[in-house]
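K.L.:
Have a look at this prediction, sequence included:
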Protein chains: 2
Amino acid sequence: MKKEKVSSAVIRRLPRYYRHLTDLSLAGVVRISSNALGKSMNLTASQIRQDLSCFGEFGQQGYGYNVDSLRGQIAEILGMTHHHTAVILGVGNLGRALMENFPFHRSGFDLTAAFDVAPELIGKRISNVSIYQVSELERYLREHPTSVGVLTLPQSAAVQMSELLVAGGVKGIWNFTNSELHLENTNVIVENVHFADSLLTLSYLISEET
Amino acid sequence: MKKEKVSSAVIRRLPRYYRHLTDLSLAGVVRISSNALGKSMNLTASQIRQDLSCFGEFGQQGYGYNVDSLRGQIAEILGMTHHHTAVILGVGNLGRALMENFPFHRSGFDLTAAFDVAPELIGKRISNVSIYQVSELERYLREHPTSVGVLTLPQSAAVQMSELLVAGGVKGIWNFTNSELHLENTNVIVENVHFADSLLTLSYLISEET
DNA sequence: TAGATTGTTAATCGATTAACAATC
DNA sequence: TAGATTGTTAATCGATTAACAATC
């Protein structure tokens, strides 16, 4: 039975399911039970079955789940087949790291352009993606509807750029800056990657047990 | 009253408290009530008071919390005053991005060294941190006890390097690779930064509402 | 068929919210 | 003093776990 509103706890687990199923698939595993999957992911079988039941019925009694098929269904649920597009704002080290090393297409995204202010970068291509002047952003978004803007620029420019992205019609912002973006009165989704929060959590956990 | 075991939900909120309190402090705010803080962070006042009560009593009836003092206490709780040290493994784009742009010291960490395999990098310094051959890692850790190893290297090397780090006595691993590290029989903490999980969550959220 | 394993309903557990006496 | 706001106890809500009939 499909649920109305899926809880954020479940949503956050979906990419993990996808990742594990991909590994299993690559390892040649054809079928898996909720019990076995749970063991390898440190979840209970119950929880896995509950989670999946939010979206439909993907298993078969007495058999379990077909790895490739379940993986495909989760890809579908995650919107990986929607041909989302993304642009990067800020081609510093982090922006370049993502352009060169992060496989956007594996998450179903097409990285279509990058923007920066540094004149020496404009016109260059990294991993087959062109870098444009930030002043071109508005026009670009008008001409190329874009799903997601990736913010890998100095914190000082974050808010201003996020407004341009929202005005340009993006659906989501992948925010690597430290700013908390408050996009009131829009339904643009912000997903934050706060490195410092992550490191501080680690700091807590290693400090605790003495 | 201090709690025995603090839930992970609470722990994950601590860095956010710290971040917001830092912003408030920089903005010159001297005192704040749980109610006001809750409003600005999108939490209930109750939750904030509950969270803080896990660690002690930091407020004052009728007044609220002193911003700087609370910020300091949370820094203490997070272990930011423990003079933790970190080394980076892998000076590719991401490793370099962290070295050049991520302020480790602001999270209470001292980044003491970096390691790579590329001969042309060895001996160089980035942001005042020296790059050594990976073969030196074992000896380095013996001579310089280190709190955390940062994995910013190709996935293929992740497991092997994590074992060296564990053998070298680190307390935590900040893992930027896609591998799921299973460090059984150790009490080394792994904190994962899975870019793809984050982007896929965003993908789900922007795909949903149509 | 018998054994395995699902999807789902019910029970439990934990986390968030509400309420309020204590007190600055 | 009166008003504000805490820390904490109790109530509620939601998420995880357990149980089991259905069925491949």
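P.N.:
Perfect, I can see it now.

K.L.:
buried residues in stretch A:6-20?
P.N.:
A:6, A:10-11, A:13-20 (16 or more other Cβ atoms under 10 Å in any protein chain shown). Placement of C-beta: from N, CA and C, glycine included.

K.L.:
Next: stretch A:54-73.
P.N.:
Taking 16+ other Cβ under 10 Å as the criterion, stretch A:54-73 shows A:54-55, A:58-59, A:64-67, A:70-73 as buried.

K.L.:
what do you get for stretch A:19-30?
P.N.:
Using 16+ other Cβ under 10 Å as the test for burial, stretch A:19-30 gives A:19-24.

K.L.:
what about it, near chain B?
P.N.:
Yes - judged by Cβ under 8 Å from any Cβ of the partner chain, stretch A:19-30 comes into contact with chain B at A:19-20.

K.L.:
what separates the lengthiest strand in chain A from the chain centre, distance-wise?
P.N.:
Longest strand in chain A by number of residues (criterion: DSSP state E): strand A:109-116. Its chain's average C-alpha position is 15 Å from that of strand A:109-116, according to Cα atoms, centre = their mean, to the nearest Å.

K.L.:
Could you do stretch A:87-100 as well?
P.N.:
The answer for stretch A:87-100 is 15 Å, by Cα atoms, centre = their mean.

K.L.:
can you give me the helices for chain A?
P.N.:
Remark: helices assigned in chain A by DSSP state H are A:8-26, A:34-41, A:45-53, A:67-77, A:93-101, A:137-143, A:155-167, A:195-208.

K.L.:
could you check the angle helix A:45-53 makes with the longest one?
P.N.:
In terms of direction (axes from the mean of the first three to the mean of the last three Cα atoms, to 10 degrees), helix A:8-26 departs from helix A:45-53 by 100 degrees.

K.L.:
For the closest residue to A:Val170 other than its chain neighbours, the count of nearby residues, please.
P.N.:
The spatially closest residue to A:Val170, leaving aside those adjacent along the chain, is A:Gly149, at 4.9 Å (Cβ to Cβ, 6 or more residues apart in numbering or on different chains). A:Gly149 has 25 neighbouring residues, counting by other Cβ atoms under 10 Å in any protein chain shown.

K.L.:
tell me the contacts of the closest residue to A:Asp68 other than its chain neighbours?
P.N.:
The spatially closest residue to A:Asp68, leaving aside those adjacent along the chain, is A:Ser25, at 5.5 Å (Cβ to Cβ, 6+ apart). Contact partners of A:Ser25, counting by Cβ atoms under 8 Å, 6 or more residues apart in numbering or on different chains, are A:67-68, A:71.

K.L.:
Might you enumerate the residues of chain A proximal to DNA strand C?
P.N.:
For chain A, the contact set with DNA strand C under Cβ under 7 Å from any atom of the strand comprises A:1, A:33-35, A:45-46, A:49-50, A:52-53, A:57-65.

K.L.:
Which of the helices and strands in chain A ranks last by mean pLDDT?
P.N.:
Ranked by mean pLDDT, DSSP states H and E, the helix or strand of chain A with the weakest confidence is helix A:93-101, at a mean of 93.

K.L.:
Now do that one and helix A:195-208, the angle between them.
P.N.:
Going by the same axes, to 10 degrees, helix A:93-101 makes 100 degrees with helix A:195-208.

K.L.:
Give the buried residues for helix A:93-101.
P.N.:
By 16+ other Cβ under 10 Å, the buried positions in helix A:93-101 come out as A:93-99.

K.L.:
from the residues you listed, which are also near chain B?
P.N.:
Within those, those near chain B by Cβ under 8 Å from any Cβ are A:93-94, A:96-98.

K.L.:
A:Ala75 - how many residues pack around it?
P.N.:
A:Ala75 - counted by other Cβ under 10 Å - has 19 other residues nearby.
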